[in-house]
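1. give me a model of this one.
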Amino acid sequence: MTLRTLSALGATLLALPAWAGLPTWSDLDASDAWEVVATKKSDVGEVIIRHRRFDDLDCLEGRVTTQGSPDAMLDVATDVEGALRWSSAPLADALDLGRTPGTIDYYQYLDVPDWTLVADRYWILRGTVLAEGDARRFRWGKGPPGMGDQARTRALARNDGAIEPPKNVGEWVFSPVSGGVDVRYRACADIGGAIPLWLQKAVAKSTLPDTVVDLVVESRKRTPAPRPAPTPEPPAPATPAETTP
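-> The predicted model follows:
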């Protein structure tokens with residue numbers, strides 16, 4: 001769910017795959033359907049966490065207004081393999097499976113700590129990059145059948161008990177506003193396996209703000225610092241006026 005590079009925008013995905021129980025992008029944009037469930041103060045601002053239920057699927061959103069560049073944030077969001085370095089999530093593996101103008105296929109593997117007694121998770125997704133004026137979006141969902149089969153084999157070779165969530169959609173949205181950039185991270189996933197729903201929600205609410213903060217912090221590292229304005233030279237001393245004897 002974390003992901004690089006804004007290339008020419010060609011084919012774009014304007015709707016989610018038609019699976020039962022998945023929200024549309026319009027559903028996710030409907031602000032009145034979300035309920036604030038928590039807030040968390042951070043170095044990049046206060047992250048607001050909202051929840052909504054869509055049929056049998058829970059969706060969470062982390063949102064913060066902060067300083068930065070939408071393009072730099074998009075660069076980080078689409079950095080599939082670099083997330084192994086910049087994300088605080090326990091990612092153990094990641095592959096960029098291929099790109100076309102405006103799309104990215106990718107695989108990531110989450111190494112869940114053994115003490116949780118929960119199986120590792122991995123996902124193989126197709127991401128789409130959209131430009132809306134100065135705003136940027138990165139959306140993801142499952143790709144066509146057969147996409148990433150080699151990555152799936154790779155994941156199961158690491159741990160044959162790892163689980164691929166059967167439903168996994170979401171997006172990053174980076175919109176310029178008067179106070180900086182409105183950053184929104186939305187994720188809707190049925191993570192699969194025998195994990196109580198209350199535990200899924202609790203873990204998601206505790207880790208979701210970190211996902212947002214990690215991305216903003218890394219994007220600032222990639223944004224060139226503004227050059228200081230040159231110091232003007234002091235004016236030359238005035239030349240005394242010539243006098244006529």
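2. identify the residues contacting Gly170.
-> Met1, Cys59, Arg139, Trp140, Tyr185, Arg186, Ala187, Cys188, Ala189 (C-beta atoms under 8 Å, 6 or more residues apart in numbering). For glycine as for every other residue, the C-beta is placed from the backbone atoms N, C-alpha and C.
3. and Pro224, how many neighbours does it have?
-> Neighbourhood size, Pro224 [other C-beta atoms under 10 Å]: 7.
4. what ranges do the strands span in this protein?
-> Assigned by DSSP state E, the chain shows strands spanning 35-42, 45-54, 57-66, 91-100, 103-110, 121-132, 135-142, 167-177, 180-190.
5. show me which residues of the fourth one are buried.
-> Which is strand 91-100. Leu91, Ala92, Asp93, Ala94, Leu95, Asp96, Leu97, Arg99 (16 or more other C-beta atoms under 10 Å).
6. quick check: bridge partners of the last one?
-> Right, Arg99. Beta bridges link Arg99 to Ile104, judged by DSSP bridges.
7. ok, the third one next?
-> For Asp93, the beta-bridge partners are Tyr109 (DSSP bridges).
8. by mean pLDDT, flag the weakest helix or strand of this protein.
-> helix 197-222 (a mean of 80; mean pLDDT, DSSP states H and E).
9. can you get me a residue count around Asp182?
-> Other residues within reach of Asp182, judged by other C-beta under 10 Å, total 17.
10. that one against Thr65, yeah?
-> Yes - if you go by C-beta atoms under 8 Å, Asp182 and Thr65 touch, sitting 5.3 Å apart.
11. where does the chain dip in pLDDT?
-> 1-21, 191-205, 225-245 (pLDDT under 70).
12. buried stuff in stretch 150-157?
-> By neighbour count on 16+ other C-beta under 10 Å, the buried set for stretch 150-157 is Ala151, Arg152, Ala155.
13. nothing else from me, thank you.
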